[in-house]
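1. return a 3D structure for these sequence lines:
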Amino acid sequence: MKLNVTGLSMLGFAGRAAANTSNGYNLPMGVTDLSHEIYDLHMMVFWICVAIAVVVFGAMIYSLLRFRRSQGAVADTAMVHSTKVEIVWTVIPVIILVIMAVPAAETILKIEDTRGSELSVRVTGYQWKWQYQYMNAADGISYFSTLSEDSNFARQLRSGIDPKSVPNYLLSVDKPFVVPSGTKVRLLLTSQDVIHAWWVPDFGTKRDAIPGFINELWFNVPLGKEGTYRGQCAALCGRDHGYMPIVVEVVSPDNFKKWVEEQKADLKQAAAADAAPVKTAQLLK
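-> Down below sits the predicted model:
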């Protein structure tokens, strides 16, 4: 229901940032320190599995060739018991599991630690769009992020539009989610209808958005790594599930402050425009 690190290894995902793409055969390294730590953990477990496979299959192949019947080997029909051997093949796996469990537990604790967040945003999933409601210094800014029109037109049956001609087909939105770099961003995830999942592979975490519940995740894109990062809803949330992309625009802290000021100015202007007809009606009375 919460974190799903396994989901990060879905290798066929096409929405990664251009600067952090995978070769298609392995987990992408990502852009955040947390995603790098997850990648290192993944590679450690991978090489441990490779070593185990080499030892086990090497012993099997050696035994099949060295003790085959054509060489005069005779199978032992008696039950052979060795306490020492049983202790060894019990202790070694336990040691291997501990070696993997300790760094995995440390990483999970880091993933769950949202303390020290500098920006909090409430993210609500809808069929099929996302709503971003900013808190802290950007309090009051709220908008929906929906599949862009060019992708929406191209996806229609018999539209006559070649999807390959549409930039970032099904991975672009009308309004991206804007966050500052070098800032620990905490997301408060929920849903208005069905279960969704907010997932940007380059950030290293994925979390479900569940109606009636608040789940948390955090990410921190380092300074100098500004850019556009793409993801998708990773839960089967309905027939148009594939048309619910996530686009995160990471900007510098100074540019984020300017963006916040612009958004607040637009909100004031819109509020003034809405209030004008009311005042006019009151004067006419």
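2. what mean pLDDT does the helix or strand hosting residue 266 have?
-> Per DSSP states H and E: residue 266 is located in helix 253-284. For helix 253-284, the mean pLDDT works out to 78.
3. and the closest residue in space to residue 205 that isn't next to it in sequence, what is it in contact with?
-> Computed as CB to CB, 6 or more residues apart in numbering, the closest residue to residue 205 that is not its neighbour in sequence is residue 217, at 4.9 Å. (Each C-beta comes from the backbone N, C-alpha and C, glycine too.) By CB atoms under 8 Å, 6 or more residues apart in numbering, residue 217 lies in contact with 3, 111, 114, 186, 187, 189, 198, 205, 206, 207.
4. kindly report the same for residue 214.
-> Neighbouring residues of residue 214 by CB under 8 Å, 6+ apart: 188, 189, 190.
5. and if we set it to 10 Å?
-> When contacts are counted by CB atoms under 10 Å, 6 or more residues apart in numbering, residue 214 touches 122, 188, 189, 190.
6. in helices only, show me those.
-> Among these, none falls in helices (DSSP state H).
7. now, which of these sits nearest residue 82?
-> Among the contacts of residue 214, residue 189 lies closest to residue 82 (CB to CB), at 53.5 Å.
8. just checking, that closest one touches residue 213?
-> Yes. Checked against CB atoms under 10 Å, the pair residue 189 and residue 213 is within contact range at 8.5 Å.
9. these two - which one has more neighbours?
-> Between residue 189 and residue 213, counted using other CB atoms under 10 Å, the more crowded position is residue 189 (23 against 13).
10. for that one, name its beta-bridge partners.
-> residue 123, residue 215 (DSSP bridges).
11. quick one: low-confidence residue ranges for the stretch 101-250 of the chain.
-> Residues of the stretch 101-250 of the chain meeting the criterion pLDDT under 70: none.
12. so what secondary structure elements neighbour the longest helix along the chain?
-> Longest helix in the chain by number of residues, with DSSP H as the criterion: helix 33-66. Here helix 33-66 touches helix 83-112, strand 205-209, strand 215-219, going by 3 or more CB pairs under 10 Å, 6 or more residues apart in numbering; DSSP states H and E.
13. rebuild the ones you listed as TSV, extending it with distance to residue 177.
-> Converted to TSV, the helices and strands packed on helix 33-66 look like this (distance: least, CB to CB, whole Å):
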stretch	distance to residue 177
helix 83-112	20
strand 205-209	14
strand 215-219	11
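14. pick the most deeply packed of the ones you listed.
-> Ranked by mean neighbour count under mean count of other CB atoms under 10 Å, these are led by strand 205-209, which reaches a mean of 24.
15. for the residue lying farthest from the centre of the chain, phi and psi?
-> In the chain, residue 72 marks the outermost C-alpha relative to the chain mean, sitting 57.3 Å out by CA atoms, centre = their mean. Per-residue torsions, residue 72: phi 90, psi 10 (degrees, to the nearest 10).
16. over to residue 114?
-> With angles defined as degrees, to the nearest 10, residue 114 sits at phi -100, psi 10.
17. residue 27 - that's part of a strand, no?
-> No. Counting by DSSP: H, G, I helix; E, B strand; the rest coil, residue 27 is located in no strand; its state is coil.
18. just confirm it contacts residue 43, I think it does.
-> Yes. In this structure, residue 27 is within contact of residue 43 by CB under 10 Å, at 8.1 Å.
19. within its sheet, name the partner strands of the helix or strand harbouring residue 130 and how each one runs.
-> Following DSSP H and E, one finds residue 130 within strand 129-134. Sheet pairing of strand 129-134 (DSSP bridges) gives strand 119-126 (antiparallel), strand 142-145 (antiparallel).
20. just the CA atoms of the shortest one, as CSV, please.
-> Okay, so that is strand 142-145. Output of strand 142-145 as CSV, limited to C-alpha atoms (Å, rounded to 0.1, in the frame of the first residue of the first chain):
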residue,chain,number,x,y,z
SER,A,142,-3.5,25.0,-6.6
TYR,A,143,-4.1,23.6,-10.1
PHE,A,144,-4.9,20.5,-12.0
SER,A,145,-2.3,18.8,-14.3
